[in-house]
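Engineer: Here is my input; please provide its structure:
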Amino acid sequence: MARGGGGMAAVLGLAMVLAAAAQVACVAAGHDYGKALSKSILYFEAQRSGRLPGSQRIAWRASSGLLDGKANGVDLVGGYYDAGDNVKFGLPMAFTVTMMSWSILEYGDQMAAAGELGHAVEAVKWGTDYFVKAHPEPNVLYGEVGPLVGFQVGDGDSDHDCWMRPEDMTTSRRAYRLDPQNPGSELAGETAAAMAAASLVFRRSNPGYANQLLQHSKQLFDFADTYRGRYDSSITVARPYYASSSGYGDELLWAAAWLYQATDDGRYLDYLANNADALGGTGWSINQFGWDVKYPGVQVLAAQMLLRGKAGAAGASAHADVLRRYKQKADLFACSCLGKGGSNSVQRTPGGMIYHQSWNNIQFVTSASFLLAAYSDHLAAAGQAAQCPSSGSAAPSELMAFAQSQVDYILGSNPRATSYMVGYGATYPRQAHHRGASIVSVKVNPAFVSCQAGYSSWYHRSGSNPNLLDGATVGGPDEYDNFADERDNYEQTEATTYNNAPLMGVLARLAAGHGGARPLAGVSVSATATAMESDNQTASPPSLLPHVSPVEITQNATASWTERGKAYHRYSVTVTNRSLKTVHELHVGIAKLTGKVWGVDKARYGYVFPSWLASLPAGKSAAFVYVQAAPPADVWVTGYKLL
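Structural biologist: I've put the predicted structure just below:
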């Protein structure tokens, strides 16, 4: 915290004044959102790496990782451990900082009223101070991008073979490097987004620091865009843990959107608009948002620009149509979460939680809740609703109510009456999968605990962890609302920083009741742009303007037969590119599929055609078939890029 002490003091002073004036402690639906907000921010102090400050509130932690980067000749001390391990993975850490910053930008006033703005800003700065260190050669990145030290510190494999307090670490602490010969557009792009968003957080309280972050952000964006490549091809050890399934197109758009928010420089708006098709921004209709896939976040940011008239008079007139197409995708994300997205609607557990996957499903619950809350407030301010594909519209109040229902589920309004935030409520996880929390604190017993001793004496020990991982939001229950509070059940009991980062924003919103949102800090909206957008809405609401997908899907039953008294059908699905460009990275969604499918392969975000059919030229078609004893499956386009 060496940089910007005066600015931080001003922020803390503002927070205390507002807290004393408002004393907001909203308890609704049986939940104290203010208390949950405090805990959600406190958790980040348990994840700190580096030399801990005197203000450290999680007292069972001590300094760790003090030699990080030394072997590479660079200071990489600091940052956050991503979860219950002792590894600093850059991609989820940067996403965490971006979402913490966005939470503050949307709901900083509400955090201040709850007395938590200072702590939230400190949490952001702990991450950005590390990113500044992790980008040690800024001159090389001007124009011609030079060496960039990658942000993953430690070896995931060796760390995961060891159960050890971070204060005792003896495992490899190698730093993995990105540079023009070893590019990583996802990692550089996400970190550019994090530093741009954070620059807005510090714009008024610490403008010098904000400018420093913005300079790093611009360089990192240029590096990511100029030397395009998948980061997990350069840092292969990250692939088993944080593989980039969505590619880097979303991170490039995400970074450009945040840089435009932070700078008002039209070239970033031009980039967001001109690359909307090529990088998938207006092609992807995905119903989950997280550290890997940023498309819904990009789409909501672009929609907010349109709703606020943020694009500027000249920029808006030039890019109005593409911004509306971004907004259509943002609407579809919201509708899908509410169950109004047709086949693209998100599955829910019997207890009402949105469900995507067995491992750490709650990450998608918290991120969706934040997006819905923020989008709801901006829609309400513009007097608009989300337009759903086949179910009319979804009012802003519906989006907010659903976001609240998901937060309430996490806090204990679920079939098990279990809070999935450690330390909140009467019943919560006691055996969180976390090395530091599960081993006696070094403050209590400084005797060295080896890797194997950690496993034999602490990992397999029954009973509660000796240290409370206060505020940690764990992975959560399965698709049937079942949950086992067991330390070795890492899919359900491990918490991550990116679970909590978006949750702190929506908790601040709920703690404030109907206080609503405020404009993004440091962003000015011109009267000309606002008037221009109002004129457009008079002619036709942006969400209702037609947009025909360039990818057409048709399916027909080509054969039928009876076997053992049951009628089977062979369905043929044809996918045709109706545009004048080539479709790349085409993903299709298939729901209500009960039989076998041939001609496509299952992927992280739907189904894809074989590698030899990597693209679909203009006017060309591809086909696949499936057989089932049921009506036709629902088939739709999940995403594509158009070049």
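Engineer: Packing partners of the strand or helix carrying S369?
Structural biologist: Per DSSP states H and E: S369 is located in helix 362-382. Applying 3 or more CB pairs under 8 Å, 6 or more residues apart in numbering; DSSP states H and E, we find helix 362-382 packed against helix 90-113, helix 295-308, helix 313-338, strand 354-355, helix 396-411, helix 497-511. For the C-beta atoms, the positions are set from N, CA and C on the backbone; glycine is no exception.
Engineer: For L520, give me the pLDDT.
Structural biologist: With respect to pLDDT, L520 scores 50.
Engineer: can you pull out the helices in the stretch 1-150 of the chain?
Structural biologist: Assigned by DSSP state H, counting those that start in this stretch, the helices in the stretch 1-150 of the chain fall at 5-22, 33-46, 90-113, 117-133.
Engineer: Pull the number of nearby residues for T418.
Structural biologist: T418 has 20 neighbours, counted by other CB atoms under 10 Å.
Engineer: Number the chain from 275, please
Structural biologist: Let's use 275 as the start, then, which means that last one is T692.
Engineer: Give me the secondary structure label for it.
Structural biologist: coil (DSSP: H, G, I helix; E, B strand; the rest coil).
Engineer: quick one, what contacts it?
Structural biologist: Residues counted as contacts of T692 (CB atoms under 8 Å, 6 or more residues apart in numbering) are 686, 699, 701-703, 757.
Engineer: neighbour-wise, which of the residues you listed leads?
Structural biologist: For these, neighbours tallied by other CB under 10 Å; top is P703, 30 neighbours.
Engineer: surely it meets G697?
Structural biologist: No: in this structure, P703 is not within contact of G697 by CB atoms under 8 Å, at 9.5 Å.
Engineer: and S823, which of the helices and strands packed on helix 636-656 is closest to it?
Structural biologist: Closest approach to S823 among these is made by helix 587-612 (10.3 Å; CB to CB).
Engineer: Mind checking the pLDDT average for the closest one?
Structural biologist: For helix 587-612, the per-residue pLDDT averages 86.
Engineer: how about it: buried residues?
Structural biologist: By 16 or more other CB atoms under 10 Å, the buried positions in helix 587-612 come out as 587, 589-590, 592-594, 596-612.
Engineer: One more: stretch 893-902?
Structural biologist: 896, 898-900, 902.
Engineer: returning to that earlier point: pick out the shakiest of the helices and strands packed on helix 636-656, pLDDT-wise.
Structural biologist: For those, mean pLDDT drops lowest on helix 587-612, to a mean of 86.
Engineer: That helix relative to helix 670-685, how many degrees between them?
Structural biologist: Calculated by axes from the mean of the first three to the mean of the last three CA atoms, to 10 degrees, helix 587-612 forms an angle of 50 degrees with helix 670-685.
Engineer: Can you spell out which helices and strands pack onto helix 587-612?
Structural biologist: Applying 3+ CB pairs under 8 Å, 6+ apart, one finds that helix 587-612 contacts helix 540-548, helix 569-582, helix 636-656, strand 660-661, strand 667-668, helix 670-685, helix 801-813.
Engineer: Quick check: which ranges of the stretch 375-524 of the chain have low pLDDT?
Structural biologist: By pLDDT under 70, the low-scoring segments of the stretch 375-524 of the chain are 412-434, 445-446.
Engineer: coming back round to it: among the contacts of T692, name the ones in helices.
Structural biologist: Among the contacts of T692, DSSP state H puts none in helices.
Engineer: and W558, which of the three is it?
Structural biologist: Assignment for W558 (three-state DSSP): coil.
Engineer: Excluding sequence neighbours, find me the nearest residue to it.
Structural biologist: Counting by CB to CB, 6 or more residues apart in numbering, W558 lies nearest to G913, which is 3.4 Å off, once chain neighbours are set aside.
Engineer: which secondary structure element contains that neighbour?
Structural biologist: strand 908-916.
Engineer: okay, the angle between that strand and helix 587-612?
Structural biologist: Using the same axes, to 10 degrees: strand 908-916 against helix 587-612 is 150 degrees.
Engineer: Could you tell me the angle between strand 908-916 and helix 569-582?
Structural biologist: Using the same axes, to 10 degrees: strand 908-916 against helix 569-582 is 80 degrees.
Engineer: And the pLDDT at the spatially most central residue of the chain?
Structural biologist: In the chain, the residue lying closest to the centroid (CA atoms, centre = their mean) is G564, at 3.1 Å. Looking at G564, its pLDDT reads 97.
Engineer: Contacts only, for it.
Structural biologist: Applying CB under 8 Å, 6+ apart to G564 gives the contacts 369, 637-638, 641, 772.
Engineer: The same query, at a cut-off of 10 Å, please.
Structural biologist: Going by CB atoms under 10 Å, 6 or more residues apart in numbering, G564 touches 366, 369, 373, 520, 570-571, 630, 634, 637-638, 640-642, 772-773, 776.
Engineer: Now N346. Nearest residue, chain neighbours left out?
Structural biologist: Nearest to N346 is A449, by CB to CB, 6+ apart, at 4.7 Å.
Engineer: That neighbour touches D342, doesn't it?
Structural biologist: Yes: using CB atoms under 10 Å, A449 is in contact with D342, at 7.1 Å.
Engineer: More neighbours: these two, which one.
Structural biologist: Higher neighbour count among A449 and D342: D342, with 26 against 20, using other CB under 10 Å.
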